[in-house]
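[1] sharing a model prediction with you, sequence too.
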Amino acid sequence: MPIKPSQVFALLRQKRDDFKQFDVEAMRLVQQYRSALERSSQASSEVLAEQLQRAIASNPGATILEPFEALPNWVLPANLRWQNRQESLAWVRDRLTGIATFAVDGSQIFPSKDWSIPVALVQIGWFENLHLPSGQYTKDIALDVMTPAELKANNSGEPVDRRVNMRRFEMETERLVRYMEEKAHCEECLVFFDGALIASFADTFDGETRDFYVRCLLNLLRTSEACRVPLVGYIDTSYARDLTLMLQRLHQLPEAQAVHDAQLFHWNMVWGDRTPLFLSQRSGILSEYQEQAHQIAFTYLKTTHDGYPARLEIPLWVYEAGWLDRVMDWVRGEVIIGSGYPYVIETADQTAVLQSSDRQMFLRILQDWAEQENLNLRLSRKMVSKVRRR
(Lines give C-alpha, C1' and ligand atoms only; values in the text may rest on other atoms or scores of the structure.)
Protein backbone atom coordinates (compact mmCIF):
# COMPACT_ATOMS: atom_id res chain seq x y z
CA MET A 1 0.00 0.00 0.00
CA PRO A 2 1.18 3.61 -0.58
CA ILE A 3 2.98 5.56 2.12
CA LYS A 4 0.96 7.74 4.44
CA PRO A 5 1.90 11.41 3.93
CA SER A 6 0.76 12.31 7.43
CA GLN A 7 3.33 9.94 8.95
CA VAL A 8 6.11 11.29 6.74
CA PHE A 9 5.31 14.90 7.67
CA ALA A 10 5.14 14.00 11.36
CA LEU A 11 8.59 12.38 11.25
CA LEU A 12 10.08 15.31 9.33
CA ARG A 13 8.71 17.78 11.87
CA GLN A 14 10.04 15.59 14.68
CA LYS A 15 13.56 15.58 13.18
CA ARG A 16 13.53 19.14 11.85
CA ASP A 17 16.39 20.32 14.10
CA ASP A 18 18.77 17.69 12.68
CA PHE A 19 18.08 18.86 9.13
CA LYS A 20 18.30 22.52 10.11
CA GLN A 21 21.66 22.06 11.84
CA PHE A 22 23.10 20.26 8.82
CA ASP A 23 21.84 22.97 6.47
CA VAL A 24 23.24 25.83 8.55
CA GLU A 25 26.67 24.21 8.92
CA ALA A 26 26.83 23.31 5.24
CA MET A 27 25.98 26.87 4.17
CA ARG A 28 28.59 28.29 6.54
CA LEU A 29 31.28 26.15 4.94
CA VAL A 30 30.08 26.93 1.42
CA GLN A 31 30.37 30.65 2.15
CA GLN A 32 33.94 30.16 3.41
CA TYR A 33 34.92 28.34 0.25
CA ARG A 34 33.18 30.88 -1.99
CA SER A 35 35.13 33.68 -0.31
CA ALA A 36 38.34 31.74 -0.88
CA LEU A 37 37.42 31.24 -4.54
CA GLU A 38 36.84 34.98 -4.94
CA ARG A 39 40.26 35.75 -3.44
CA SER A 40 42.00 33.21 -5.65
CA SER A 41 40.29 34.57 -8.77
CA GLN A 42 41.72 38.02 -7.98
CA ALA A 43 45.29 36.75 -7.79
CA SER A 44 47.56 36.82 -10.81
CA SER A 45 48.32 33.63 -12.73
CA GLU A 46 51.92 33.78 -11.48
CA VAL A 47 50.94 34.09 -7.84
CA LEU A 48 48.40 31.28 -8.07
CA ALA A 49 50.87 29.04 -9.90
CA GLU A 50 53.43 29.63 -7.16
CA GLN A 51 50.88 28.87 -4.45
CA LEU A 52 49.78 25.69 -6.23
CA GLN A 53 53.38 24.61 -6.68
CA ARG A 54 53.77 24.70 -2.92
CA ALA A 55 50.56 22.70 -2.53
CA ILE A 56 51.51 19.96 -4.98
CA ALA A 57 53.18 17.81 -2.35
CA SER A 58 49.91 17.67 -0.45
CA ASN A 59 47.65 16.84 -3.44
CA PRO A 60 46.43 20.14 -4.94
CA GLY A 61 43.21 18.70 -6.40
CA ALA A 62 43.43 20.72 -9.62
CA THR A 63 45.46 23.28 -11.53
CA ILE A 64 44.10 25.98 -13.82
CA LEU A 65 44.84 25.78 -17.55
CA GLU A 66 43.21 28.81 -19.14
CA PRO A 67 44.12 32.44 -18.40
CA PHE A 68 41.75 33.77 -15.74
CA GLU A 69 42.74 37.41 -15.24
CA ALA A 70 39.66 39.66 -15.21
CA LEU A 71 37.40 36.70 -14.50
CA PRO A 72 35.75 37.40 -11.14
CA ASN A 73 34.92 34.18 -9.29
CA TRP A 74 36.43 32.23 -12.19
CA VAL A 75 33.35 32.59 -14.34
CA LEU A 76 33.76 33.01 -18.08
CA PRO A 77 30.58 34.73 -19.33
CA ALA A 78 28.98 33.40 -22.49
CA ASN A 79 26.95 36.57 -23.10
CA LEU A 80 24.21 34.57 -24.77
CA ARG A 81 20.77 36.16 -24.50
CA TRP A 82 17.74 35.52 -26.67
CA GLN A 83 14.23 36.90 -26.69
CA ASN A 84 12.59 33.53 -27.35
CA ARG A 85 13.28 29.89 -28.12
CA GLN A 86 13.19 30.50 -31.86
CA GLU A 87 16.19 32.84 -31.54
CA SER A 88 18.11 30.29 -29.46
CA LEU A 89 17.39 27.55 -32.01
CA ALA A 90 18.63 29.83 -34.78
CA TRP A 91 21.90 30.15 -32.84
CA VAL A 92 22.01 26.35 -32.55
CA ARG A 93 21.55 25.93 -36.30
CA ASP A 94 24.42 28.32 -36.90
CA ARG A 95 26.72 26.32 -34.60
CA LEU A 96 25.58 22.72 -35.06
CA THR A 97 24.47 22.33 -38.68
CA GLY A 98 26.58 19.55 -40.18
CA ILE A 99 28.11 18.59 -36.83
CA ALA A 100 27.60 14.92 -35.95
CA THR A 101 26.95 14.26 -32.26
CA PHE A 102 26.90 10.76 -30.84
CA ALA A 103 26.01 9.16 -27.51
CA VAL A 104 25.42 5.70 -26.05
CA ASP A 105 23.43 4.58 -23.04
CA GLY A 106 22.53 1.22 -21.56
CA SER A 107 19.94 -0.69 -19.60
CA GLN A 108 19.78 -4.14 -18.09
CA ILE A 109 17.66 -6.89 -16.60
CA PHE A 110 19.45 -8.26 -13.58
CA PRO A 111 19.44 -11.93 -12.55
CA SER A 112 16.66 -12.74 -10.13
CA LYS A 113 16.41 -15.15 -7.24
CA ASP A 114 12.99 -15.96 -8.67
CA TRP A 115 14.65 -17.72 -11.62
CA SER A 116 16.38 -21.03 -11.04
CA ILE A 117 19.05 -20.25 -13.68
CA PRO A 118 21.21 -17.10 -13.30
CA VAL A 119 20.79 -15.08 -16.50
CA ALA A 120 20.88 -11.37 -17.34
CA LEU A 121 20.12 -9.19 -20.33
CA VAL A 122 22.14 -6.08 -21.22
CA GLN A 123 21.03 -3.63 -23.88
CA ILE A 124 22.79 -0.54 -25.20
CA GLY A 125 21.28 2.05 -27.48
CA TRP A 126 23.01 4.74 -29.50
CA PHE A 127 22.00 7.87 -31.32
CA GLU A 128 23.87 9.88 -33.92
CA ASN A 129 22.42 13.22 -34.97
CA LEU A 130 23.98 14.70 -38.10
CA HIS A 131 22.22 18.04 -37.56
CA LEU A 132 21.29 18.39 -41.20
CA PRO A 133 18.20 20.16 -42.60
CA SER A 134 17.03 16.73 -43.81
CA GLY A 135 16.82 15.57 -40.18
CA GLN A 136 19.05 12.58 -40.87
CA TYR A 137 20.00 10.48 -37.84
CA THR A 138 20.98 6.95 -36.82
CA LYS A 139 19.46 5.08 -33.89
CA ASP A 140 19.96 1.41 -32.98
CA ILE A 141 20.48 -1.10 -30.17
CA ALA A 142 22.72 -4.07 -29.34
CA LEU A 143 22.00 -6.86 -26.85
CA ASP A 144 23.91 -9.38 -24.82
CA VAL A 145 22.62 -12.29 -22.75
CA MET A 146 24.87 -13.14 -19.82
CA THR A 147 25.18 -16.82 -18.89
CA PRO A 148 25.88 -18.29 -15.44
CA ALA A 149 29.54 -18.65 -16.42
CA GLU A 150 29.80 -14.98 -17.47
CA LEU A 151 28.01 -13.91 -14.30
CA LYS A 152 30.39 -16.13 -12.30
CA ALA A 153 27.42 -17.31 -10.26
CA ASN A 154 27.89 -20.37 -8.09
CA ASN A 155 24.19 -20.55 -7.40
CA SER A 156 21.03 -18.66 -8.33
CA GLY A 157 21.08 -16.67 -5.10
CA GLU A 158 24.57 -15.19 -5.46
CA PRO A 159 24.58 -11.39 -5.92
CA VAL A 160 26.01 -10.76 -9.38
CA ASP A 161 24.61 -7.33 -10.25
CA ARG A 162 28.09 -5.79 -10.40
CA ARG A 163 29.09 -8.06 -13.27
CA VAL A 164 26.01 -6.99 -15.18
CA ASN A 165 26.90 -3.32 -14.62
CA MET A 166 30.45 -4.02 -15.77
CA ARG A 167 29.25 -5.67 -18.97
CA ARG A 168 26.97 -2.72 -19.69
CA PHE A 169 29.85 -0.29 -19.11
CA GLU A 170 32.08 -2.32 -21.39
CA MET A 171 29.50 -2.43 -24.18
CA GLU A 172 28.88 1.32 -23.93
CA THR A 173 32.56 2.27 -24.08
CA GLU A 174 33.30 -0.24 -26.85
CA ARG A 175 30.52 1.27 -28.98
CA LEU A 176 31.91 4.77 -28.43
CA VAL A 177 35.39 3.56 -29.35
CA ARG A 178 34.11 1.96 -32.54
CA TYR A 179 32.34 5.17 -33.53
CA MET A 180 35.48 7.26 -32.96
CA GLU A 181 37.50 4.81 -35.05
CA GLU A 182 34.94 5.11 -37.84
CA LYS A 183 35.11 8.92 -37.59
CA ALA A 184 38.88 9.19 -37.25
CA HIS A 185 40.20 12.73 -37.83
CA CYS A 186 36.69 14.11 -38.17
CA GLU A 187 36.73 17.76 -37.12
CA GLU A 188 32.95 18.05 -37.29
CA CYS A 189 31.82 15.46 -34.77
CA LEU A 190 31.49 15.23 -31.00
CA VAL A 191 31.16 12.14 -28.80
CA PHE A 192 29.37 12.30 -25.46
CA PHE A 193 30.15 9.87 -22.67
CA ASP A 194 27.30 9.87 -20.16
CA GLY A 195 29.35 10.03 -16.97
CA ALA A 196 32.77 10.81 -15.58
CA LEU A 197 36.00 9.97 -17.38
CA ILE A 198 37.64 9.72 -13.96
CA ALA A 199 36.30 6.53 -12.40
CA SER A 200 36.43 7.57 -8.75
CA PHE A 201 33.26 5.55 -8.18
CA ALA A 202 35.45 2.45 -8.53
CA ASP A 203 38.00 3.54 -5.91
CA THR A 204 36.47 1.29 -3.26
CA PHE A 205 36.11 -1.76 -5.51
CA ASP A 206 38.45 -4.73 -5.46
CA GLY A 207 41.59 -4.53 -7.61
CA GLU A 208 40.22 -6.63 -10.48
CA THR A 209 37.05 -4.54 -10.79
CA ARG A 210 38.94 -1.27 -10.49
CA ASP A 211 41.37 -2.36 -13.21
CA PHE A 212 38.43 -3.26 -15.46
CA TYR A 213 36.92 0.24 -15.31
CA VAL A 214 40.30 1.87 -15.80
CA ARG A 215 40.95 -0.27 -18.89
CA CYS A 216 37.60 0.70 -20.42
CA LEU A 217 38.16 4.41 -19.85
CA LEU A 218 41.79 4.30 -20.97
CA ASN A 219 40.60 2.72 -24.22
CA LEU A 220 38.12 5.57 -24.61
CA LEU A 221 40.66 8.31 -23.87
CA ARG A 222 43.39 6.81 -26.04
CA THR A 223 41.04 6.34 -28.98
CA SER A 224 39.82 9.94 -28.74
CA GLU A 225 43.39 11.19 -28.80
CA ALA A 226 44.61 8.83 -31.52
CA CYS A 227 41.59 9.42 -33.79
CA ARG A 228 41.38 13.16 -32.96
CA VAL A 229 37.68 12.92 -32.20
CA PRO A 230 36.52 15.25 -29.40
CA LEU A 231 35.09 13.49 -26.35
CA VAL A 232 33.07 14.99 -23.50
CA GLY A 233 32.25 13.19 -20.27
CA TYR A 234 29.00 14.85 -19.21
CA ILE A 235 27.99 14.79 -15.52
CA ASP A 236 24.68 16.55 -14.99
CA THR A 237 24.78 16.33 -11.19
CA SER A 238 28.37 16.33 -9.99
CA TYR A 239 29.69 15.99 -6.45
CA ALA A 240 33.32 16.24 -7.53
CA ARG A 241 35.60 18.18 -5.19
CA ASP A 242 38.74 18.91 -7.22
CA LEU A 243 38.46 22.69 -6.92
CA THR A 244 37.16 22.48 -3.36
CA LEU A 245 40.29 20.57 -2.42
CA MET A 246 42.47 23.05 -4.30
CA LEU A 247 40.95 25.96 -2.36
CA GLN A 248 41.31 24.07 0.90
CA ARG A 249 45.03 23.58 0.24
CA LEU A 250 45.57 27.17 -0.88
CA HIS A 251 43.74 28.85 2.00
CA GLN A 252 44.08 26.29 4.82
CA LEU A 253 40.30 25.90 5.04
CA PRO A 254 38.54 23.36 7.25
CA GLU A 255 37.71 19.97 5.78
CA ALA A 256 34.25 20.08 4.18
CA GLN A 257 33.09 16.80 2.65
CA ALA A 258 29.60 18.23 2.12
CA VAL A 259 30.92 21.05 -0.10
CA HIS A 260 31.41 20.27 -3.78
CA ASP A 261 32.65 22.29 -6.74
CA ALA A 262 29.30 22.98 -8.40
CA GLN A 263 28.03 24.72 -5.25
CA LEU A 264 30.82 27.27 -5.43
CA PHE A 265 29.85 28.62 -8.86
CA HIS A 266 26.08 28.31 -8.84
CA TRP A 267 25.21 31.83 -7.67
CA ASN A 268 27.67 33.64 -9.92
CA MET A 269 26.69 32.03 -13.23
CA VAL A 270 23.90 32.56 -15.73
CA TRP A 271 22.91 30.17 -18.51
CA GLY A 272 25.77 29.38 -20.88
CA ASP A 273 28.55 30.63 -18.60
CA ARG A 274 31.43 28.32 -17.79
CA THR A 275 34.51 28.22 -15.64
CA PRO A 276 38.04 28.25 -17.06
CA LEU A 277 39.40 24.83 -17.90
CA PHE A 278 41.17 23.03 -15.06
CA LEU A 279 43.41 19.99 -15.06
CA SER A 280 42.39 17.35 -12.55
CA GLN A 281 45.12 16.46 -10.06
CA ARG A 282 42.87 14.17 -8.04
CA SER A 283 44.40 11.42 -5.93
CA GLY A 284 43.15 7.85 -5.96
CA ILE A 285 42.25 5.94 -9.10
CA LEU A 286 43.53 8.63 -11.47
CA SER A 287 47.07 7.57 -10.57
CA GLU A 288 46.33 4.26 -12.35
CA TYR A 289 45.57 5.97 -15.67
CA GLN A 290 49.16 5.53 -16.88
CA GLU A 291 50.01 8.17 -19.55
CA GLN A 292 46.48 9.60 -19.25
CA ALA A 293 46.83 10.39 -15.53
CA HIS A 294 47.48 14.07 -16.25
CA GLN A 295 45.41 14.36 -19.41
CA ILE A 296 41.85 14.91 -18.14
CA ALA A 297 40.63 18.47 -17.91
CA PHE A 298 37.28 19.76 -16.69
CA THR A 299 35.04 22.79 -16.66
CA TYR A 300 31.65 23.63 -15.17
CA LEU A 301 28.93 24.79 -17.56
CA LYS A 302 25.68 26.42 -16.54
CA THR A 303 23.02 24.47 -18.45
CA THR A 304 19.86 25.54 -16.61
CA HIS A 305 18.67 28.79 -15.14
CA ASP A 306 18.14 27.54 -11.59
CA GLY A 307 20.24 24.38 -11.12
CA TYR A 308 23.90 23.77 -10.33
CA PRO A 309 26.27 23.79 -13.32
CA ALA A 310 27.08 20.52 -15.04
CA ARG A 311 30.63 19.17 -15.00
CA LEU A 312 32.29 18.43 -18.33
CA GLU A 313 35.42 16.25 -18.41
CA ILE A 314 37.45 16.66 -21.59
CA PRO A 315 40.72 15.11 -22.80
CA LEU A 316 43.52 17.65 -22.57
CA TRP A 317 44.39 17.25 -26.26
CA VAL A 318 41.11 18.99 -27.22
CA TYR A 319 42.28 22.15 -25.44
CA GLU A 320 45.84 21.87 -26.78
CA ALA A 321 44.45 21.56 -30.33
CA GLY A 322 42.54 24.83 -29.89
CA TRP A 323 39.14 23.16 -30.20
CA LEU A 324 37.72 23.94 -26.76
CA ASP A 325 35.56 26.96 -27.62
CA ARG A 326 33.76 25.31 -30.51
CA VAL A 327 33.27 22.09 -28.56
CA MET A 328 31.71 24.11 -25.75
CA ASP A 329 29.33 25.75 -28.22
CA TRP A 330 28.38 22.32 -29.58
CA VAL A 331 27.56 21.21 -26.05
CA ARG A 332 25.51 24.36 -25.45
CA GLY A 333 23.63 23.66 -28.67
CA GLU A 334 22.78 20.12 -27.58
CA VAL A 335 21.60 21.45 -24.22
CA ILE A 336 19.34 24.00 -25.90
CA ILE A 337 17.75 21.34 -28.10
CA GLY A 338 17.26 19.14 -25.05
CA SER A 339 15.85 21.99 -22.91
CA GLY A 340 18.54 21.73 -20.24
CA TYR A 341 20.11 18.34 -20.96
CA PRO A 342 22.04 17.20 -24.07
CA TYR A 343 19.44 15.94 -26.53
CA VAL A 344 21.80 13.31 -27.95
CA ILE A 345 22.32 11.68 -24.51
CA GLU A 346 18.61 11.92 -23.70
CA THR A 347 17.69 10.18 -26.96
CA ALA A 348 20.30 7.45 -26.47
CA ASP A 349 18.78 6.80 -23.03
CA GLN A 350 15.27 6.53 -24.49
CA THR A 351 16.60 4.16 -27.14
CA ALA A 352 18.34 1.88 -24.63
CA VAL A 353 15.85 1.76 -21.76
CA LEU A 354 14.20 -1.59 -20.99
CA GLN A 355 10.61 -1.29 -19.81
CA SER A 356 8.70 -3.70 -17.58
CA SER A 357 7.05 -5.08 -20.72
CA ASP A 358 10.55 -5.90 -22.06
CA ARG A 359 11.28 -7.78 -18.85
CA GLN A 360 8.12 -9.84 -19.24
CA MET A 361 8.92 -10.56 -22.89
CA PHE A 362 12.48 -11.62 -21.99
CA LEU A 363 11.08 -13.95 -19.34
CA ARG A 364 8.63 -15.54 -21.78
CA ILE A 365 11.36 -16.01 -24.42
CA LEU A 366 13.62 -17.51 -21.78
CA GLN A 367 10.89 -19.93 -20.69
CA ASP A 368 10.08 -21.01 -24.26
CA TRP A 369 13.76 -21.50 -25.11
CA ALA A 370 14.42 -23.46 -21.90
CA GLU A 371 11.55 -25.82 -22.73
CA GLN A 372 12.92 -26.37 -26.26
CA GLU A 373 16.36 -27.12 -24.86
CA ASN A 374 15.05 -29.24 -21.96
CA LEU A 375 16.61 -26.92 -19.41
CA ASN A 376 15.26 -26.93 -15.91
CA LEU A 377 14.12 -23.30 -15.59
CA ARG A 378 11.74 -22.80 -12.68
CA LEU A 379 10.00 -19.66 -11.49
CA SER A 380 9.29 -18.98 -7.85
CA ARG A 381 5.69 -18.78 -6.72
CA LYS A 382 6.30 -15.11 -6.00
CA MET A 383 7.30 -14.46 -9.61
CA VAL A 384 4.34 -16.42 -10.98
CA SER A 385 2.06 -14.37 -8.75
CA LYS A 386 3.58 -11.08 -9.96
CA VAL A 387 3.24 -12.07 -13.61
CA ARG A 388 -0.40 -13.05 -13.05
CA ARG A 389 -1.24 -9.76 -11.30
CA ARG A 390 0.41 -7.63 -13.99
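    On my side now, so go ahead.
[2] how near is residue 282 to residue 44?
    Plainly put, residue 282 is 25 Å away from residue 44 if you go by Cβ to Cβ, to the nearest Å. The way it works is simple: take the backbone N, C-alpha and C, and place the C-beta from them, glycine included.
[3] ok, residue 373 next?
    In this structure, residue 373 and residue 44 are separated by 72 Å, where distance is defined by Cβ to Cβ.
[4] what about the stretch 51-200 of the chain, any weak spots by pLDDT?
    Applying pLDDT under 70 to the stretch 51-200 of the chain flags residues 55-58, 153-159.
[5] at 80 what do you get?
    Across the stretch 51-200 of the chain, residues meeting the criterion (pLDDT under 80) sit at 51-60, 68-70, 112-117, 153-159.
[6] secondary structure class for residue 82?
    Under the three-state scheme (DSSP: H, G, I helix; E, B strand; the rest coil), the conformation of residue 82 reads as coil.
[7] I'd assumed residue 88 was in contact with it.
    Yes - assessed by Cβ atoms under 8 Å, residue 82 is found in contact with residue 88 at 4.4 Å.
[8] that older thread, who has more neighbours, residue 282 and residue 44?
    Neighbours per residue, other Cβ atoms under 10 Å: of residue 282 and residue 44, the larger number sits with residue 282, 21 against 10.
[9] and residue 243, which of the three is it?
    Classification of residue 243 using three-state DSSP returns helix.
[10] so for it, what's the pLDDT?
    Among the per-residue scores, residue 243 holds a pLDDT of 92.
[11] for the one 10 residues further on, same thing?
    As predicted, residue 253 sits at a pLDDT of 89.
[12] how about residue 246?
    90.
[13] list the contacts of the one helix or strand it maps to.
    Of the helices and strands defined by DSSP states H and E, residue 246 is found in helix 242-251. Counting by Cβ atoms under 8 Å, 6 or more residues apart in numbering, helix 242-251 makes contact with 33, 36-37, 39-40, 48, 51-52, 55, 58-63, 253-256, 259-261, 264, 278, 280-282, 298, all of which sit outside it.
[14] so how far does stretch 105-120 reach from one end to the other?
    Using Cα to Cα, to the nearest Å, the span of stretch 105-120 from its first residue to its last is 17 Å.
[15] biggest helix in the protein, by residue count?
    helix 16-42 (DSSP state H).
[16] ok and the very next helix or strand once past it relative to helix 16-42, angle-wise?
    Moving toward the C-terminus from helix 16-42, the first helix or strand encountered (DSSP H and E) is helix 45-55. With axes from the mean of the first three to the mean of the last three Cα atoms, to 10 degrees applied, the angle from helix 45-55 to helix 16-42 works out at 120 degrees.
[17] which secondary structure elements does helix 45-55 contact?
    Here helix 45-55 touches strand 61-64, helix 242-251, going by 3 or more Cβ pairs under 8 Å, 6 or more residues apart in numbering; DSSP states H and E.
[18] what strands line up against the first one, and which way round?
    Based on DSSP bridges, the strands next to strand 61-64 in the sheet, each with its direction, are strand 278-281 (antiparallel).
[19] what mean pLDDT does the strand it pairs with have?
    Averaging pLDDT along strand 278-281 yields 92.
[20] what does it rub up against?
    56, 59-65, 198, 242-243, 246, 286, 294, 296-299, 313, 316.
[21] what comes into contact with stretch 215-226?
    Counting contacts by Cβ under 8 Å, 6+ apart, the residues outside stretch 215-226 that touch it are 169-170, 173-174, 176-177, 180-181, 184, 191, 193, 197-199, 229-231, 289-290, 292, 295-296, 315, 317.
[22] change it to 6 Å
    Residues outside stretch 215-226 that contact it (Cβ atoms under 6 Å, 6 or more residues apart in numbering) are 169, 170, 173, 177, 180, 197, 199, 231, 292, 315, 317.
[23] list the buried ones in that stretch?
    Of the residues in stretch 215-226, those with enough neighbours to count as buried (16 or more other Cβ atoms under 10 Å) are 216, 217, 218, 220, 221, 222, 223, 224, 225.
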